[in-house]
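*Asks:* coordinates for the following, if possible.
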Amino acid sequence: MKKHNILKVVLITILVLTLLTWILPAAYYSSGYVDQGRIQMGIFDLFNYPFTTISYFGFIVVYVLVIGAFYGVLNKIGAYRMILDSLVKKFKSHEKIVISAIMILFAVLTSVCGLQFGLVLFFPFVISLILLMGYDKIVAALTVVGSTMIGIAGTTYGYTNTGLFVTGLGMKIDSCLLGKVAILVVGLAILIVNTLLYIKNNKSTVKTVETKSKKTTKSRTTKTSAKAAKKEEVVTVKNDETNEFVPEKSSKKVKLVWPLVTVLAILFIITVLSFITWSNSFNNTAFTNATKAVTEFKIFGFALFGKLLGTVKEFGTWTVSDLSIAVVLATLLISLIYKLSIDELLDGAVSGAKKAIKPAVIVVLVYTCLVITTYHPFQLVIYKAILGLSKKFNIATTGLVAILASLFNVDPTYAFNSLLPYLVSVYGLGAKTTIAIMFQSLYGFTMLFAPTSLFLMCVLSYLDIPYTKWLKLVWKLLLELFVAFIIVFIFVVLA
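*Replies:* Predicted coordinates:
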């Protein structure tokens, strides 16, 4: 089952969900529990739902392919490999610190900005960097997926992840901020420690450096001679995992690197600024006013910039569709700067998009799971049975249904909508703060192992990491996170 492992796992998940539509009755909550009877999923549904998925979530598929094309073009430019090599050289002897710093950066950006989809744009860059530093694909996956999911679990001001709690439960976005920060900090600490322990216990996956000392003329002082001693370092990476994910060194001499660095830096800044929900999270309308001023500015009575830009959204309201446009424009700009021919541009874009096909297919299939559970809502029957085990609010039963809701629904909005209205009808709003922080953190936790986790399954597919191998390596991490989160929940309840 090694070949196409992730694809098979997701297909099996779809079949399991299909079977559940035949076993369990459908139900929904609308001012009361409504039993719909069984709404079985048929053969034609099984084949039609992927097309339904594309009609609703096709923009995410396009986003994945655009990212693939972007890196395909970068691979045609020698400056990109030079940037990677330069960073590896600068980070030498500090690789573990760098990996920890990347995890912290990704988690904080996700927590504060709700930036998980935007960060996907930089996943291939970080993966290439980690592999070039000599670490294996598991370390790369833990870095990008682990940190992003911990960021979701400990979301603070990321309105895209907490908006439903703010509106549905009548909460402020900074409610129980200390508990959210605790989840973020504790989760990050556990993730970083487990990643470093994995590196330590799997030294064969890390580069080894052989050092040879050259003879040097003795200087007048021992201190001076020690500084003058030179070492010739031969770096040998004990795995060949970099070949597929790292661009080859260009045979052409590259004179300018700074233009590519500048474009990548600007793209990163735009990604961060455009995904922060400024008005909802921070009550800031500066970008809304600035966008309006630019698009409505008239020259001799003609709104030139508004016509040139077209329908452009202000920062804070962007989606991955808008970011896809920015990536395409950046790709064209880079190709102009480095004088790529049209054939080179198209060859690079097509080659990169081909590499992104597997993750793009996974996107379709994972969201097909969401379509099934939405069109055939059998899950509320399960939630009702579990919550019925306790007459009062209970961390154990609430935590279990939160994990199941996350497992059945890849999107946090759908996950929360599938359960929160009924849960509130059972327990009321007295425990809304605890419910909110539990759902948020357990959603991020579940996405570290669920076969319906979009980010996890796409990255595992991209890196060709078997799903079972991933589970065997992260089960201790999951157990530690779960225990730590439960302790935080208890403190929140007691507070």
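*Asks:* V401 reaches Y383, doesn't it?
*Replies:* Yes: counting by C-beta atoms under 8 Å, V401 sits close enough to Y383 to count as a contact (4.7 Å). For the C-beta atoms, the positions are set from N, CA and C on the backbone; glycine is no exception.
*Asks:* quick one: low-confidence parts of the stretch 101-250 of the chain?
*Replies:* 204-243, 250 (pLDDT under 70).
*Asks:* strands of that one, start to end?
*Replies:* 208-213, 231-236 (DSSP state E, counting those that start in this stretch).
*Asks:* about what we covered before: mutual contacts of V401 and Y383, please.
*Replies:* Counting by C-beta atoms under 8 Å, 6 or more residues apart in numbering, the residues touching both V401 and Y383 are 419, 423.
*Asks:* quick one: the helices in the stretch 251-400 of the chain?
*Replies:* All helices of the stretch 251-400 of the chain, identified by DSSP state H, counting those that start in this stretch, fall at 258-275, 278-282, 286-296, 304-309, 320-337, 342-355, 357-375, 379-387, 395-408.
*Asks:* how much space between D174 and F122?
*Replies:* 28 Å (C-beta to C-beta, to the nearest Å).
*Asks:* more crowded one of those two?
*Replies:* Shown here are D174 and F122; by other C-beta atoms under 10 Å, F122 has more neighbours (19 against 13).
*Asks:* tally of neighbours for the closest residue to the more buried one other than its chain neighbours?
*Replies:* Nearest residue to F122 in three dimensions, chain neighbours excluded: F268, at 6.9 Å (C-beta to C-beta, 6 or more residues apart in numbering). Applying other C-beta under 10 Å, we find 16 residues neighbouring F268.
*Asks:* cool, and T368?
*Replies:* 25.
*Asks:* check what pLDDT it gets.
*Replies:* pLDDT recorded at T368 is 96.
*Asks:* now do the contacts for it.
*Replies:* Contacts of T368 by C-beta under 8 Å, 6+ apart are 14, 49-50, 52-53.
*Asks:* just give me the closest of the residues you listed to N202.
*Replies:* Nearest to N202 among the contacts of T368: I14, at 33.2 Å, using C-beta to C-beta.
*Asks:* checking that closest one next. Helix, strand or coil?
*Replies:* Of the three states, I14 takes helix under DSSP: H, G, I helix; E, B strand; the rest coil.
*Asks:* so it touches V364, yeah?
*Replies:* No: if you go by C-beta under 8 Å, I14 and V364 don't touch, sitting 10.8 Å apart.
*Asks:* okay, and for the stretch 251-400 of the chain, where does confidence drop off?
*Replies:* 251-252, 281.
*Asks:* picking that back up, need the helices of the stretch 251-400 of the chain in a markdown table (columns: distance to T18).
*Replies:* Listed next are these as a markdown table, based on distance: least, C-beta to C-beta, whole Å:
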| stretch | distance to T18 |
| --- | --- |
| helix 258-275 | 35 |
| helix 278-282 | 37 |
| helix 286-296 | 44 |
| helix 304-309 | 45 |
| helix 320-337 | 28 |
| helix 342-355 | 30 |
| helix 357-375 | 7 |
| helix 379-387 | 14 |
| helix 395-408 | 13 |
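*Asks:* nearest to I99, out of the ones you listed?
*Replies:* Comparing these under C-beta to C-beta, the one sitting nearest is helix 258-275, at 18.3 Å.
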